[in-house]
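A.B. asks: what's the 3D shape of this:
(one chain, ligands or ions: 1)
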Amino acid sequence: MKVKELGIKKTEILIDYDYVWGLLNRSGLNVSFSRPEIYVGSEHVDKFFEIASQKSLVVANSTEAVYDWKADAIYINDELINGAGYSRSNLCSSRRLVLLHELIHAFLFHNNKRFGEEQDALTKSENKRSQERGWVYTVFDEGFAIRLTELILTFWSDVQDGEFASSLALILKDEYRELKSDKDFRLRALILKLPWPESGWKKVALRWFEKHPHGLYGLSYVLGYNFTEHIIQDLNKNSIDMVSRIVETPPSRVEHILYPQRYLSQKVFPKMQKSIGQNRNPHSKL
Ligand SMILES: [Zn+2]
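C.D. replies: Numbers count the residues shown, from 1 in each chain. Okay, here's the model as predicted:
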(Lines give C-alpha, C1' and ligand atoms only; values in the text may rest on other atoms or scores of the structure.)
Protein backbone atom coordinates (compact mmCIF):
# COMPACT_ATOMS: atom_id res chain seq x y z
CA MET A 1 0.00 0.00 0.00
CA LYS A 2 1.52 3.32 -1.07
CA VAL A 3 0.92 6.24 1.24
CA LYS A 4 0.67 8.74 -1.62
CA GLU A 5 -2.44 6.94 -2.89
CA LEU A 6 -4.21 7.44 0.38
CA GLY A 7 -6.33 10.26 1.71
CA ILE A 8 -5.00 12.25 4.63
CA LYS A 9 -7.06 10.37 7.21
CA LYS A 10 -5.80 7.02 6.00
CA THR A 11 -2.29 8.35 6.33
CA GLU A 12 -3.06 9.32 9.93
CA ILE A 13 -4.12 5.76 10.63
CA LEU A 14 -0.83 4.45 9.22
CA ILE A 15 1.12 6.92 11.37
CA ASP A 16 -0.80 5.81 14.47
CA TYR A 17 -0.22 2.18 13.51
CA ASP A 18 3.55 2.85 13.47
CA TYR A 19 3.18 4.64 16.80
CA VAL A 20 1.31 1.84 18.63
CA TRP A 21 3.60 -0.83 17.16
CA GLY A 22 6.44 1.16 18.75
CA LEU A 23 4.59 1.25 22.10
CA LEU A 24 4.04 -2.52 22.00
CA ASN A 25 7.73 -3.10 21.33
CA ARG A 26 8.77 -0.84 24.19
CA SER A 27 6.28 -2.30 26.66
CA GLY A 28 8.57 -5.11 27.82
CA LEU A 29 6.29 -7.80 26.34
CA ASN A 30 7.96 -10.44 24.23
CA VAL A 31 7.18 -9.22 20.72
CA SER A 32 8.98 -11.63 18.43
CA PHE A 33 6.68 -11.53 15.44
CA SER A 34 6.62 -9.26 12.41
CA ARG A 35 4.13 -6.48 12.23
CA PRO A 36 0.86 -7.64 10.65
CA GLU A 37 -0.17 -6.09 7.31
CA ILE A 38 -2.84 -3.43 7.68
CA TYR A 39 -5.71 -2.80 5.26
CA VAL A 40 -7.40 0.54 5.76
CA GLY A 41 -10.80 1.21 4.21
CA SER A 42 -14.03 -0.64 3.52
CA GLU A 43 -12.91 -1.44 -0.03
CA HIS A 44 -10.89 -4.28 1.55
CA VAL A 45 -13.88 -5.78 3.34
CA ASP A 46 -14.15 -8.85 1.08
CA LYS A 47 -10.60 -9.91 1.98
CA PHE A 48 -11.73 -10.35 5.59
CA PHE A 49 -15.40 -11.29 5.43
CA GLU A 50 -17.29 -13.75 3.32
CA ILE A 51 -20.32 -11.75 2.34
CA ALA A 52 -22.84 -14.42 1.48
CA SER A 53 -26.00 -12.96 2.96
CA GLN A 54 -27.62 -9.77 4.19
CA LYS A 55 -26.69 -10.79 7.75
CA SER A 56 -23.01 -11.25 6.93
CA LEU A 57 -23.07 -7.85 5.21
CA VAL A 58 -24.41 -6.25 8.41
CA VAL A 59 -21.72 -7.99 10.49
CA ALA A 60 -18.99 -6.88 8.07
CA ASN A 61 -20.21 -3.27 8.02
CA SER A 62 -20.53 -3.05 11.78
CA THR A 63 -17.04 -4.41 12.41
CA GLU A 64 -14.81 -1.44 12.98
CA ALA A 65 -11.57 -3.39 13.06
CA VAL A 66 -10.48 -6.98 13.09
CA TYR A 67 -7.30 -9.02 13.32
CA ASP A 68 -7.45 -12.00 10.98
CA TRP A 69 -5.02 -14.66 12.18
CA LYS A 70 -5.19 -16.63 8.91
CA ALA A 71 -4.04 -13.65 6.88
CA ASP A 72 -2.03 -12.21 9.79
CA ALA A 73 -3.54 -8.86 8.87
CA ILE A 74 -5.60 -6.09 10.42
CA TYR A 75 -8.62 -4.55 8.75
CA ILE A 76 -9.94 -1.07 9.56
CA ASN A 77 -13.26 0.05 8.10
CA ASP A 78 -14.37 3.53 7.02
CA GLU A 79 -16.01 4.35 10.34
CA LEU A 80 -12.72 4.83 12.09
CA ILE A 81 -11.31 6.78 9.16
CA ASN A 82 -14.24 9.20 9.08
CA GLY A 83 -14.48 9.37 12.84
CA ALA A 84 -18.20 8.59 12.90
CA GLY A 85 -19.29 8.03 16.48
CA TYR A 86 -16.23 9.70 17.96
CA SER A 87 -15.79 13.19 19.26
CA ARG A 88 -13.05 15.23 17.66
CA SER A 89 -11.17 15.41 20.94
CA ASN A 90 -10.74 11.68 21.30
CA LEU A 91 -10.50 10.60 17.68
CA CYS A 92 -6.73 10.21 17.81
CA SER A 93 -6.90 8.21 21.07
CA SER A 94 -9.69 6.06 19.59
CA ARG A 95 -7.58 5.20 16.56
CA ARG A 96 -4.62 4.27 18.74
CA LEU A 97 -6.77 2.23 21.08
CA VAL A 98 -8.40 0.26 18.26
CA LEU A 99 -5.10 -0.37 16.47
CA LEU A 100 -3.30 -1.46 19.64
CA HIS A 101 -6.23 -3.69 20.63
CA GLU A 102 -5.96 -5.55 17.31
CA LEU A 103 -2.17 -5.80 17.70
CA ILE A 104 -2.67 -7.42 21.12
CA HIS A 105 -4.91 -10.03 19.48
CA ALA A 106 -2.01 -10.65 17.07
CA PHE A 107 0.42 -10.84 20.01
CA LEU A 108 -1.74 -13.48 21.69
CA PHE A 109 -2.06 -15.53 18.51
CA HIS A 110 1.68 -15.42 17.76
CA ASN A 111 2.51 -16.53 21.31
CA ASN A 112 -0.09 -19.28 21.46
CA LYS A 113 -1.59 -20.62 18.25
CA ARG A 114 -4.60 -21.95 20.20
CA PHE A 115 -5.99 -18.45 19.69
CA GLY A 116 -6.79 -19.22 16.09
CA GLU A 117 -7.83 -22.41 14.39
CA GLU A 118 -8.21 -24.40 17.62
CA GLN A 119 -10.36 -21.72 19.21
CA ASP A 120 -12.61 -21.66 16.12
CA ALA A 121 -12.89 -25.44 16.04
CA LEU A 122 -13.65 -25.71 19.75
CA THR A 123 -16.47 -23.17 19.72
CA LYS A 124 -18.09 -25.15 16.88
CA SER A 125 -17.58 -28.55 18.51
CA GLU A 126 -20.54 -30.75 19.45
CA ASN A 127 -18.83 -31.58 22.72
CA LYS A 128 -19.90 -29.21 25.52
CA ARG A 129 -16.53 -29.36 27.29
CA SER A 130 -14.68 -28.42 24.09
CA GLN A 131 -17.15 -25.65 23.38
CA GLU A 132 -16.63 -24.31 26.88
CA ARG A 133 -12.87 -24.20 26.33
CA GLY A 134 -13.28 -22.43 22.97
CA TRP A 135 -15.65 -19.77 24.32
CA VAL A 136 -13.53 -19.23 27.43
CA TYR A 137 -10.55 -18.61 25.12
CA THR A 138 -12.70 -16.04 23.28
CA VAL A 139 -13.61 -14.29 26.54
CA PHE A 140 -9.98 -14.25 27.62
CA ASP A 141 -8.80 -13.08 24.16
CA GLU A 142 -11.04 -9.97 24.36
CA GLY A 143 -10.41 -9.18 28.01
CA PHE A 144 -6.67 -9.55 27.58
CA ALA A 145 -6.68 -7.25 24.52
CA ILE A 146 -8.64 -4.56 26.39
CA ARG A 147 -6.56 -4.76 29.57
CA LEU A 148 -3.15 -4.78 27.87
CA THR A 149 -4.19 -1.90 25.61
CA GLU A 150 -5.25 0.08 28.68
CA LEU A 151 -1.97 -0.60 30.50
CA ILE A 152 0.27 0.14 27.52
CA LEU A 153 -1.53 3.40 26.71
CA THR A 154 -1.46 4.42 30.39
CA PHE A 155 2.21 3.68 30.97
CA TRP A 156 3.75 4.32 27.57
CA SER A 157 1.64 6.85 25.71
CA ASP A 158 0.46 10.37 26.49
CA VAL A 159 -2.00 11.31 29.25
CA GLN A 160 -4.96 11.74 26.88
CA ASP A 161 -4.61 8.20 25.46
CA GLY A 162 -4.31 6.73 28.95
CA GLU A 163 -7.37 8.59 30.21
CA PHE A 164 -9.42 7.55 27.21
CA ALA A 165 -8.49 3.87 27.68
CA SER A 166 -9.33 4.06 31.40
CA SER A 167 -12.71 5.67 30.72
CA LEU A 168 -13.67 2.73 28.50
CA ALA A 169 -12.44 0.26 31.12
CA LEU A 170 -14.64 2.03 33.70
CA ILE A 171 -17.70 1.35 31.57
CA LEU A 172 -16.85 -2.38 31.60
CA LYS A 173 -16.32 -2.33 35.36
CA ASP A 174 -19.75 -0.73 35.85
CA GLU A 175 -21.35 -3.33 33.60
CA TYR A 176 -19.69 -6.06 35.65
CA ARG A 177 -21.13 -4.63 38.86
CA GLU A 178 -24.56 -4.43 37.27
CA LEU A 179 -24.48 -8.14 36.42
CA LYS A 180 -25.15 -8.93 40.08
CA SER A 181 -28.58 -7.36 39.89
CA ASP A 182 -29.23 -8.39 36.29
CA LYS A 183 -32.81 -9.62 35.96
CA ASP A 184 -31.61 -11.90 33.20
CA PHE A 185 -29.55 -13.82 35.74
CA ARG A 186 -32.56 -13.94 38.09
CA LEU A 187 -34.50 -15.58 35.29
CA ARG A 188 -31.69 -18.05 34.75
CA ALA A 189 -31.71 -18.83 38.48
CA LEU A 190 -35.41 -19.66 38.18
CA ILE A 191 -34.81 -21.95 35.21
CA LEU A 192 -31.93 -23.68 37.01
CA LYS A 193 -34.02 -23.84 40.20
CA LEU A 194 -31.33 -22.06 42.16
CA PRO A 195 -32.39 -19.79 45.01
CA TRP A 196 -31.75 -16.09 44.56
CA PRO A 197 -30.09 -14.03 45.93
CA GLU A 198 -28.61 -16.59 48.35
CA SER A 199 -26.82 -18.36 45.51
CA GLY A 200 -25.28 -15.18 44.19
CA TRP A 201 -25.12 -14.43 40.49
CA LYS A 202 -21.75 -16.19 40.02
CA LYS A 203 -23.16 -19.56 41.01
CA VAL A 204 -26.02 -19.05 38.59
CA ALA A 205 -23.62 -17.88 35.88
CA LEU A 206 -21.33 -20.85 36.43
CA ARG A 207 -24.13 -23.39 36.11
CA TRP A 208 -25.68 -21.56 33.17
CA PHE A 209 -22.55 -21.00 31.09
CA GLU A 210 -21.27 -24.53 31.63
CA LYS A 211 -24.48 -25.68 29.97
CA HIS A 212 -24.64 -22.90 27.37
CA PRO A 213 -21.04 -21.80 26.74
CA HIS A 214 -21.90 -19.85 23.56
CA GLY A 215 -23.79 -17.48 25.88
CA LEU A 216 -20.41 -16.19 27.07
CA TYR A 217 -20.00 -14.40 23.75
CA GLY A 218 -22.35 -11.55 24.64
CA LEU A 219 -20.45 -10.87 27.87
CA SER A 220 -16.94 -11.55 26.59
CA TYR A 221 -15.66 -7.96 27.01
CA VAL A 222 -17.13 -7.54 30.49
CA LEU A 223 -16.15 -10.93 31.92
CA GLY A 224 -12.82 -11.03 30.08
CA TYR A 225 -11.83 -7.60 31.31
CA ASN A 226 -12.74 -8.38 34.92
CA PHE A 227 -10.71 -11.60 34.80
CA THR A 228 -7.62 -10.03 33.24
CA GLU A 229 -7.73 -6.93 35.39
CA HIS A 230 -7.72 -9.11 38.49
CA ILE A 231 -4.55 -10.86 37.32
CA ILE A 232 -2.54 -8.21 35.48
CA GLN A 233 -2.31 -5.01 37.47
CA ASP A 234 0.79 -3.46 36.06
CA LEU A 235 3.52 -3.74 33.45
CA ASN A 236 6.45 -4.32 35.78
CA LYS A 237 8.69 -7.38 35.58
CA ASN A 238 6.42 -9.59 37.71
CA SER A 239 3.43 -8.71 35.57
CA ILE A 240 5.30 -9.35 32.33
CA ASP A 241 6.24 -12.83 33.68
CA MET A 242 2.60 -13.31 34.55
CA VAL A 243 1.56 -12.35 31.02
CA SER A 244 3.87 -15.06 29.60
CA ARG A 245 2.43 -17.69 31.94
CA ILE A 246 -1.16 -16.77 31.33
CA VAL A 247 -0.61 -16.77 27.55
CA GLU A 248 1.00 -20.23 27.75
CA THR A 249 -1.70 -21.62 30.04
CA PRO A 250 -4.84 -19.60 29.38
CA PRO A 251 -8.04 -20.07 31.38
CA SER A 252 -10.08 -22.92 29.95
CA ARG A 253 -13.09 -23.24 32.25
CA VAL A 254 -16.02 -20.95 32.98
CA GLU A 255 -15.01 -21.33 36.60
CA HIS A 256 -11.62 -19.73 35.85
CA ILE A 257 -13.25 -16.69 34.26
CA LEU A 258 -15.74 -16.15 37.08
CA TYR A 259 -13.30 -16.92 39.89
CA PRO A 260 -9.83 -15.67 38.82
CA GLN A 261 -8.38 -16.63 42.22
CA ARG A 262 -9.25 -20.30 41.51
CA TYR A 263 -7.45 -20.04 38.17
CA LEU A 264 -4.40 -18.63 39.98
CA SER A 265 -4.42 -21.44 42.53
CA GLN A 266 -3.42 -23.95 39.81
CA LYS A 267 0.13 -25.13 40.30
CA VAL A 268 1.47 -23.50 37.12
CA PHE A 269 1.27 -20.27 39.06
CA PRO A 270 3.72 -20.00 41.92
CA LYS A 271 2.52 -17.61 44.58
CA MET A 272 2.38 -14.38 42.68
CA GLN A 273 3.78 -11.37 44.39
CA LYS A 274 1.33 -8.59 44.58
CA SER A 275 2.39 -6.15 41.94
CA ILE A 276 0.23 -3.25 43.13
CA GLY A 277 2.35 -0.48 44.51
CA GLN A 278 5.41 -1.39 42.48
CA ASN A 279 4.59 0.88 39.59
CA ARG A 280 7.58 2.09 37.75
CA ASN A 281 7.30 5.25 35.79
CA PRO A 282 8.03 4.23 32.21
CA HIS A 283 7.94 7.87 31.08
CA SER A 284 11.19 8.40 32.94
CA LYS A 285 12.81 5.87 30.61
CA LEU A 286 11.74 7.48 27.36
ZN1 LIG B 1 -11.09 -7.56 20.11
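
A.B. asks: In the protein, what residue spans correspond to strands?
C.D. replies: 37-40, 65-68, 73-76 (DSSP state E).

A.B. asks: any idea which of those strands is most buried?
C.D. replies: Greatest average neighbour count among those goes to strand 73-76 (a mean of 23), per mean count of other Cβ atoms under 10 Å. (C-beta placed from N, C-alpha, C; glycine too.)

A.B. asks: Adjacent strands (with direction) for that one?
C.D. replies: With DSSP bridges as the test, strand 73-76 is paired with strand 37-40 (parallel), strand 65-68 (antiparallel).

A.B. asks: now those strands in JSON lines, with distance to residue 86?
C.D. replies: As requested, the strands paired with strand 73-76 are arranged in JSON lines below (distance: least, Cβ to Cβ, whole Å):
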{"stretch": "strand 37-40", "distance to residue 86": "16"}
{"stretch": "strand 65-68", "distance to residue 86": "13"}
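
A.B. asks: Quick one: those as JSON lines, columns for mean pLDDT too.
C.D. replies: As requested, the strands paired with strand 73-76 are exported to JSON lines (pLDDT from 0 to 100):
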{"stretch": "strand 37-40", "mean pLDDT": "96"}
{"stretch": "strand 65-68", "mean pLDDT": "94"}
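
A.B. asks: can you tell which of the ones you listed is closest to residue 27?
C.D. replies: Proximity to residue 27 (Cβ to Cβ) singles out strand 65-68 among the strands paired with strand 73-76, at 17.4 Å.

A.B. asks: which residues of the stretch 1-150 of the chain score low on pLDDT?
C.D. replies: 1-8, 84-85 (pLDDT under 70).

A.B. asks: can you rerun that using 80?
C.D. replies: 1-8, 81-89 (pLDDT under 80).

A.B. asks: which residues of it fall in helices?
C.D. replies: 8-26, 45-48, 54-62, 78-82, 91-111, 119-124, 128-156 (DSSP state H, counting those that start in this stretch).

A.B. asks: Of all those, which one is nearest residue 212?
C.D. replies: helix 128-156 (9.0 Å).

A.B. asks: For the closest one, which helices and strands make contact with it?
C.D. replies: Packed against helix 128-156 by the contact rule (3 or more Cβ pairs under 8 Å, 6 or more residues apart in numbering; DSSP states H and E) you find helix 8-26, helix 91-111, helix 119-124, helix 159-179, helix 200-211, helix 220-231, helix 254-258.

A.B. asks: now what about the first one, what contacts it?
C.D. replies: To tie it back to what came earlier, the one meant is helix 8-26. 3, 6, 31, 35, 38, 40-41, 74, 76, 80-83, 92, 95-96, 99-100, 103-104, 107, 152-153, 156-157, 282 (Cβ atoms under 8 Å, 6 or more residues apart in numbering).

A.B. asks: let's see 7 Å
C.D. replies: Helix 8-26 is contacted by residues 3, 31, 35, 38, 40-41, 76, 81, 95-96, 99-100, 103, 107, 152, 156-157 when judged by Cβ atoms under 7 Å, 6 or more residues apart in numbering.

A.B. asks: try the last one
C.D. replies: Outside helix 254-258, the residues within contact range by Cβ under 7 Å, 6+ apart are 132, 136, 139, 202, 205-206, 209-210, 213, 223, 227, 251, 262-263.

A.B. asks: For ChimeraX, write the select line for the buried members of those.
C.D. replies: A single ChimeraX command selects the buried members of these (16 or more other Cβ atoms under 10 Å):
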select :132,136,139,205,206,209,213,223,227,251,263
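
A.B. asks: follow-up on the earlier one: can the helices and strands packed on helix 128-156 go into TSV with extra columns for distance to residue 56?
C.D. replies: Conversion of the helices and strands packed on helix 128-156 to TSV gives the following (distance: least, Cβ to Cβ, whole Å):
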stretch	distance to residue 56
helix 8-26	25
helix 91-111	20
helix 119-124	16
helix 159-179	27
helix 200-211	26
helix 220-231	20
helix 254-258	29
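
A.B. asks: sorry, back to before: in TSV, list the contacts of helix 254-258 along with distance to residue 125.
C.D. replies: Shown next, in TSV, are those (distance: Cβ to Cβ, whole Å):
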residue	distance to residue 125
132	9
136	13
139	16
202	25
205	21
206	20
209	16
210	15
213	10
223	21
227	22
251	18
262	24
263	22
